[in-house]
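K.L.:
Coordinates for the following, if possible.
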Amino acid sequence: MDRRRFLTQLAAAGTTFKLRPLLAQASSAPSRTKPNVVVILADDLGYGDVGCYGATHVHTPHIDALAANGVRFTNAHADAATCTPSRYAMLTGTYAWRREGIQVLPGDAKSLISPGTPTIASILRSAGYRTGLVGQWHVGLGNGSIDWNSEIRPGPCELGFDEAFFFAATADRVPTVFIHNHRVQGLDPADPITVSYNTKIGDDPTGRESPELLKQKLSEGHDGTIVDGISRIGFMSGGKAARWKDEEIAQTFTDKACDFIEQNHSRPFLLYFTPSDIHVPRAPGPAFAGKDSCGVRCDVISQLDWSVGRITATLAKLGLAKDTIILFTSDNGPVVNDGYDDGSDRALDGHRPAGELRGGKYSIYEGGTREPFIVSWPNHVAPGTSPALLSQIDILRSLATVAQASVPNASAPDSVDLSATLLGRSKTGRDTLVEESQVLAIRDARWKLIDRTQRPGTTQSGTPLLPATSGPALEARHRAERWHEPWSVEHPAAVIELYDLLTDPEESRNLALVHPEIVERLQTRLKQIRTQGHT
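P.N.:
Predicted structure coming up:
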């Protein structure tokens, strides 16, 4: 019987209990036919940033416990090496590179996903799930002109979420306010918010004009309006009462996530929890600041692990642990110095955020898209490690199968149902997947082809992309290649790169000239995936 009926019968029998102690003892009740689903999507967490993936300089006991009791995947990927495209792809089951112009969005960007587009949330809601978003959104809001002082539509609630508590983009972008469903939380109508990403507005100081006011120094960019002692990308005025304190973001989001679980414990639910950690600006709460030997970046990893522990503890307290699938992953690879000079690059102390992998955030190499990926469901998922090749795009169809939900025709064209693989019942993954970071790469279980003539957003080949020599492209390249390896390997201006990842996981030996037959096979497959419009 379900938990509500269980409690009703106890009440009818004249039994009196306090609600939470009763629920804490309810773990012996029969499992639901449809499990709860918690998707935890960290930001900028690298393959080597947690203990169960080899980290030794920072401790992540709660994430490690998920892995110890579930399946830890070693070949799972985000769609892209940056946040907006990878989040779009995961929510919709569609490669972001199929659309023109999906790049990292400013905080006032138009919604990338049109209302009515099937998403993970809308599909599970159609199967009777209560759906909630808590955390970062970063796939756009509104129709192109947002009035932050009125109802903000469309947004998460138009894309399948019953409840949404979030901010528009990332913590380094304005507006620095929380949004609940359609309205800014705590806004004083007498102090309206205005936002611009083009010119300065209002009287607030900026990082460029008043660097002496900053509690975090800048390394590049991020020199717009100063909020809470940290300057942001973009400019805003007003909304003083609604602005967040950075050291409280993790606490706020985690509390809201646990509240959603508690308020919806009596029916199947989907919680899409997207914490700000470990994205810049890194401002850990007092319990974590200065506690890790590898610097503030490791402090916020510890804070992220605490958030995971709060969620698992809430599930356990309510007797929901064995009725809940938890999926933990990250939106793209790691970055250390990303606009704020917080000392992270000088304090790693031997910690390797991407592990043995080459590259990181912004990079087409494996460190850019291969992510920690853990699935835990007590008594349903046998603990172990899986080498299966899979993509976060596959979460949509896989969860639909588990939730007994149907996926509308012609939607989620690149999502593959790998539910048996996610639950540890199969070691078979995808035959291929495509990765994105300015250019495209295609993977199979062994080989990886980077084709610098293939760029996102079109079905045709573009002009070959050679190493940048100046300007913004050079900065992106520097960020991407900061992880102790040169820009090119063996072929300084190679348009085609081929790597045998079984023998060379660091992508150090370009074998394109050695195996032209593999190059041709993978190029043919990439062309097929592009031109047919689906995987």
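
K.L.:
Just the buried residues of stretch 346-361, please?
P.N.:
For stretch 346-361, burial by neighbour count (16 or more other Cβ atoms under 10 Å) applies to 347, 348, 351, 352, 353, 354, 355, 357, 358, 359, 360, 361. To be clear about C-beta, it is placed using only N, CA and C from the backbone, and glycine gets the same treatment.

K.L.:
what do you get for stretch 237-245?
P.N.:
By 16+ other Cβ under 10 Å, the buried positions in stretch 237-245 come out as 237, 238, 239, 242, 243, 244.

K.L.:
which residues sit in contact with the last one?
P.N.:
I take that to be residue 244. 167, 176, 177, 178, 228, 252 (Cβ atoms under 8 Å, 6 or more residues apart in numbering).

K.L.:
one more time with 6 Å, if that's ok
P.N.:
residue 176 (Cβ atoms under 6 Å, 6 or more residues apart in numbering).

K.L.:
Then the second one?
P.N.:
With contacts taken as Cβ under 6 Å, 6+ apart, residue 238 has the following neighbours: 191, 192, 193, 194.

K.L.:
so what's residue 208 closest to, chain neighbours aside?
P.N.:
Ranked by Cβ to Cβ, 6 or more residues apart in numbering and with sequence neighbours excluded, the top spatial neighbour of residue 208 is residue 223, at 3.9 Å.

K.L.:
Just give the number of residues close to the one you found.
P.N.:
Around residue 223 there are 18 other residues, counting by other Cβ atoms under 10 Å.

K.L.:
do you know how far it is from residue 245?
P.N.:
21 Å (Cβ to Cβ, to the nearest Å).

K.L.:
got it, and residue 327?
P.N.:
On the measure of Cβ to Cβ, residue 327 and residue 245 end up 30 Å apart.

K.L.:
Could you do residue 122 as well?
P.N.:
Counting by Cβ to Cβ, the gap from residue 122 to residue 245 is 33 Å.

K.L.:
Between the two ends of stretch 355-366, how far is it?
P.N.:
End-to-end distance of stretch 355-366: 10 Å, with Cα to Cα, to the nearest Å as the criterion.

K.L.:
now swap in stretch 83-101 and tell me
P.N.:
Terminal-residue distance, stretch 83-101 (Cα to Cα): 14 Å.

K.L.:
With stretch 282-290 instead?
P.N.:
So stretch 282-290: terminal residues 12 Å apart, Cα to Cα.

K.L.:
contacting residues around that stretch?
P.N.:
Here stretch 282-290 has contacts from 246, 247, 296, 297, 299, 300, 302, 303, 342, using Cβ under 6 Å, 6+ apart.

K.L.:
and if you look at stretch 183-191?
P.N.:
Taking Cβ under 6 Å, 6+ apart as the rule, stretch 183-191 contacts 148, 177, 178, 238, 239, 240, 241, 242.

K.L.:
what's the closest non-adjacent residue to the fourth one?
P.N.:
Read it as residue 238. residue 193 (4.5 Å).

K.L.:
what about the one you found, how many residues close to it?
P.N.:
So residue 193, with other Cβ under 10 Å, has 23 neighbours.

K.L.:
you'd agree it is up against residue 146?
P.N.:
No: if you go by Cβ atoms under 6 Å, residue 193 and residue 146 don't touch, sitting 9.5 Å apart.

K.L.:
For residue 270, which residues are in contact?
P.N.:
Counting by Cβ under 6 Å, 6+ apart, residue 270 has contacts 37, 124, 129, 131.

K.L.:
Helix, strand, or coil at it?
P.N.:
At residue 270, secondary structure determined by DSSP: H, G, I helix; E, B strand; the rest coil is strand.

K.L.:
And it, what's its pLDDT?
P.N.:
On the pLDDT scale, residue 270 is placed at 98.

K.L.:
Contact partners for residue 394?
P.N.:
Taking Cβ under 6 Å, 6+ apart as the test, what residue 394 contacts is 415, 416, 418.

K.L.:
Out of the residues you listed, give me the one that has the most neighbours.
P.N.:
residue 415 (27 neighbours).

K.L.:
what residues are up against that one?
P.N.:
Counting by Cβ under 6 Å, 6+ apart, the residues that residue 415 touches are 93, 393, 394, 396, 397.

K.L.:
Using JSON lines, lay out those together with secondary structure.
P.N.:
Below are the contacts of residue 415 laid out as JSON lines (three-state DSSP):
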{"residue": "93", "secondary structure": "coil"}
{"residue": "393", "secondary structure": "helix"}
{"residue": "394", "secondary structure": "helix"}
{"residue": "396", "secondary structure": "helix"}
{"residue": "397", "secondary structure": "helix"}
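
K.L.:
Phi, psi for residue 134 please.
P.N.:
phi -140, psi 120 (degrees, to the nearest 10).

K.L.:
what about it, neighbour count?
P.N.:
When neighbours are counted by other Cβ under 10 Å, residue 134 registers 25.

K.L.:
Could you do residue 291 as well?
P.N.:
Count around residue 291 with other Cβ under 10 Å applied: 14.

K.L.:
Check which helix or strand residue 353 maps to.
P.N.:
Assigned by DSSP states H and E, residue 353 falls within no helix or strand.

K.L.:
That one contacts residue 334, doesn't it?
P.N.:
Yes: between residue 353 and residue 334 a contact is recorded at 3.5 Å, counting by Cβ under 6 Å.

K.L.:
which neighbours do those two share?
P.N.:
Joint contacts of residue 353 and residue 334 (Cβ under 6 Å, 6+ apart) are residue 46.

K.L.:
for the chain, what helix or strand is lowest in average pLDDT?
P.N.:
Every helix and strand of the chain was ranked by mean pLDDT, DSSP states H and E. The lowest is helix 19-24, at a mean of 30.

K.L.:
quick check: mean pLDDT across the helix or strand just after it?
P.N.:
Using DSSP H and E, the helix or strand that follows helix 19-24 towards the C-terminus is strand 36-42. Over the span of strand 36-42, the pLDDT mean works out to 98.

K.L.:
and strand 36-42, C-alpha only, in CSV?
P.N.:
Output in CSV follows, covering the C-alpha atoms of strand 36-42 (Å, rounded to 0.1, in the frame of the first residue of the first chain):
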residue,chain,number,x,y,z
ASN,A,36,11.2,8.9,-6.7
VAL,A,37,14.0,10.5,-8.8
VAL,A,38,16.6,12.9,-7.6
VAL,A,39,18.9,14.3,-10.3
ILE,A,40,21.9,16.2,-8.8
LEU,A,41,23.8,18.2,-11.4
ALA,A,42,26.9,19.9,-10.0
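
K.L.:
following that strand, which helix or strand comes up?
P.N.:
helix 61-68.

K.L.:
what sits up against that following helix?
P.N.:
50, 51, 52, 305, 308, 309, 328, 374, 376.

K.L.:
ok so, going back, any chance of the contacts of residue 415 in a markdown table, with distance to residue 451 and pLDDT too?
P.N.:
Formatted as a markdown table, the contacts of residue 415 follow (distance: Cβ to Cβ, whole Å; pLDDT from 0 to 100):
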| residue | distance to residue 451 | pLDDT |
| --- | --- | --- |
| 93 | 24 | 98 |
| 393 | 20 | 98 |
| 394 | 23 | 98 |
| 396 | 26 | 98 |
| 397 | 27 | 98 |
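
K.L.:
All the helices of the stretch 101-250 of the chain, residue numbers only.
P.N.:
120-126, 249-263 (DSSP state H, counting those that start in this stretch).

K.L.:
Narrow the contacts of stretch 282-290 to those in helices?
P.N.:
296, 297, 299, 300, 302, 303 (DSSP state H).
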